[in-house]
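*Asks:* Just need the structure, nothing else, for what follows:
(one chain, ligands or ions: 3)
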Amino acid sequence: MLKIKDLYAGIEGKDILQGINLEVKAGEVHAIMGPNGSGKSTLASVVAGKEEFEVTRGYITFDNEDISELDPEERAHKGIFLSFQYPVEIPGVSVTNFIKTAINETRKSKGQKDMPASEMLKMIKEKADMLEIDRKFLSRSLNEGFSGGEKKRNEVFQMAMLEPKLAILDETDSGLDIDALKVVANGVNKLKSEDNAVIVITHYQRLLDYIIPDFVHVIMNGKIVKSGTKELAYELEEKGYDWIKEELV
Ligand code: ADP
Ligand code: MG
Ligand code: MG
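*Replies:* Ligands and ions are numbered 1, 2, ... in the order given. Down below sits the predicted model:
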C-alpha cells in the first residue's frame, strides 16, 4: 500500500529525514518509535504532504502511484489520514458538520454526489455507537474547550467516519492520559481490517499494550535504524534507546 524508498526530506535546505525505507501492506499495523527530535513527526507530515517540507531525494508511492506531487487534500482523498497533533478550534462548526463536509469533499473529488442525509445520519450513529461516543458530543463546537480525551475522541470519530486506507496517528509524548490512550487504541482496533493499514507513532510503549503492532521501527537522526516485532517495543521500554546507538557505532 505505502512504499517509501530512500526518502530524504527537510526544511530550509536541511534534511531531517535521511534515507527512510518503509513498506506498509494492507492489514498491517506499524509502530514508529524513537527519541525526541528524531524525525517521527516529520515523516508523518511528509507522507501526508505538508507543504513546509521538501523532498530532496527518494519517493513515496501509495497503491503503486507516486504521490510526491500531490497536495495534502489530494492525499486525504486517496485515503491517507493523519491525526492532528494540534487541532484547531472552529466555534460554530459541530463535530458532525465538520465530518459531513469532509466526507462530501472526498466524494466530490471522486466525482460522486453528496452522501444522502439519511445515509450520513445512519453512518454517524453507527460509528458513534461503535466508539461509545455520546450523541451530545457530536453537536459540540469543534475542539472548543475539548479535554485531551475529547480531542482524541473527535479524531478517532473522524477516522472511523472517513474509513481511511492508511491512518497515521502521531501521538505526542505529553498530555495523553490513560483514558485518552484507550480511546485511541479502541478506535484503531475497531478500524483495523485486512484492507487498511495503521502507522502509530509513539514515544509510549504503553500505547502498544493496547494496539498490538505487527512491526516496530526505531527512527534515529532521520533514519530507521532498527525494525522488529512488538518485542522490540518492550526492549525499548526496558532499556531505552542508548543500546541501539551503541550498536550503530
Ligand atoms: P520527533 O517527532 O521525532 O520528535 P520531529 O520530526 O518533530 O521529531 O523533528 C525532527 C527534527 O527536525 C528536529 O531537530 C526538529 O527541530 C526539526 N524540525 C521539525 N519541524 C521543523 C520545522 N518546522 N522547522 C525547523 N525544524 C524542524
Ligand atoms: Mg517531538
Ligand atoms: Mg513528534
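*Asks:* Could you list the buried residues of stretch 98-116?
*Replies:* The neighbour-count check on stretch 98-116 (16 or more other C-beta atoms under 10 Å) flags 98-100, 103, 106, 115 as buried. Heads up, the C-betas are built off the backbone N, CA and C, glycines and all.
*Asks:* Revised request: answer the last question for stretch 190-209.
*Replies:* For stretch 190-209, a neighbour-count test (16+ other C-beta under 10 Å) marks 191-192, 196-205, 207-208 as buried.
*Asks:* Please identify which of the residues you listed is nearest to residue 166.
*Replies:* Nearest to residue 166 among these is residue 197, at 5.2 Å by C-beta to C-beta.
*Asks:* Isn't the closest one up against residue 165?
*Replies:* Yes. With contact defined as C-beta atoms under 8 Å, residue 197 and residue 165 form a contacting pair (7.0 Å).
*Asks:* Show me what stretch 125-132 is in contact with.
*Replies:* Residues outside stretch 125-132 that contact it (C-beta atoms under 8 Å, 6 or more residues apart in numbering): 133-135, 137-138, 153, 156-157, 160-161, 183, 186-187, 190.
*Asks:* Give me the subset of the residues you listed that lies in strands.
*Replies:* Among the contacts of stretch 125-132, no member falls in strands (DSSP state E).
*Asks:* Would you show me how to pick out the buried ones of those in PyMOL?
*Replies:* Those of these that count as buried under 16+ other C-beta under 10 Å are selected in PyMOL with:
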select buried, resi 133+137+138+153+156+157+160+161+183+186+187
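*Asks:* mind giving me a markdown table with the contacts of stretch 125-132 and columns for distance to residue 63?
*Replies:* Formatted as a markdown table, these follow (distance: C-beta to C-beta, whole Å):
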| residue | distance to residue 63 |
| --- | --- |
| 133 | 30 |
| 134 | 36 |
| 135 | 36 |
| 137 | 33 |
| 138 | 32 |
| 153 | 30 |
| 156 | 24 |
| 157 | 25 |
| 160 | 21 |
| 161 | 21 |
| 183 | 29 |
| 186 | 27 |
| 187 | 23 |
| 190 | 23 |
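*Asks:* Redo the contacts of stretch 125-132 as CSV? Include pLDDT.
*Replies:* Conversion of the contacts of stretch 125-132 to CSV gives the following (pLDDT from 0 to 100):
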residue, pLDDT
133, 93
134, 92
135, 91
137, 95
138, 96
153, 90
156, 92
157, 94
160, 94
161, 95
183, 85
186, 90
187, 89
190, 90
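*Asks:* picking up where we left off before, which neighbours do residue 197 and residue 165 have in common?
*Replies:* Joint contacts of residue 197 and residue 165 (C-beta under 8 Å, 6+ apart) are 1, 26.
*Asks:* and the buried residues of stretch 190-209 as JSON lines, adding distance to ligand 1?
*Replies:* Output for the buried residues of stretch 190-209, formatted as JSON lines (distance: C-beta to the nearest ligand atom, whole Å):
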{"residue": "191", "distance to ligand 1": "23"}
{"residue": "192", "distance to ligand 1": "24"}
{"residue": "196", "distance to ligand 1": "23"}
{"residue": "197", "distance to ligand 1": "20"}
{"residue": "198", "distance to ligand 1": "18"}
{"residue": "199", "distance to ligand 1": "13"}
{"residue": "200", "distance to ligand 1": "13"}
{"residue": "201", "distance to ligand 1": "7"}
{"residue": "202", "distance to ligand 1": "10"}
{"residue": "203", "distance to ligand 1": "8"}
{"residue": "204", "distance to ligand 1": "13"}
{"residue": "205", "distance to ligand 1": "15"}
{"residue": "207", "distance to ligand 1": "15"}
{"residue": "208", "distance to ligand 1": "16"}
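*Asks:* Now stretch 210-217 - C-alpha only, CSV.
*Replies:* The C-alpha coordinates for stretch 210-217 follow below in CSV (Å, rounded to 0.1, in the frame of the first residue of the first chain):
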residue,chain,number,x,y,z
TYR,A,210,-3.5,-1.7,23.6
ILE,A,211,-2.6,-1.5,20.0
ILE,A,212,-0.6,-4.6,19.1
PRO,A,213,1.8,-3.7,16.2
ASP,A,214,2.9,-6.2,13.6
PHE,A,215,6.1,-4.3,13.2
VAL,A,216,8.1,-1.8,15.3
HIS,A,217,10.6,0.6,13.8
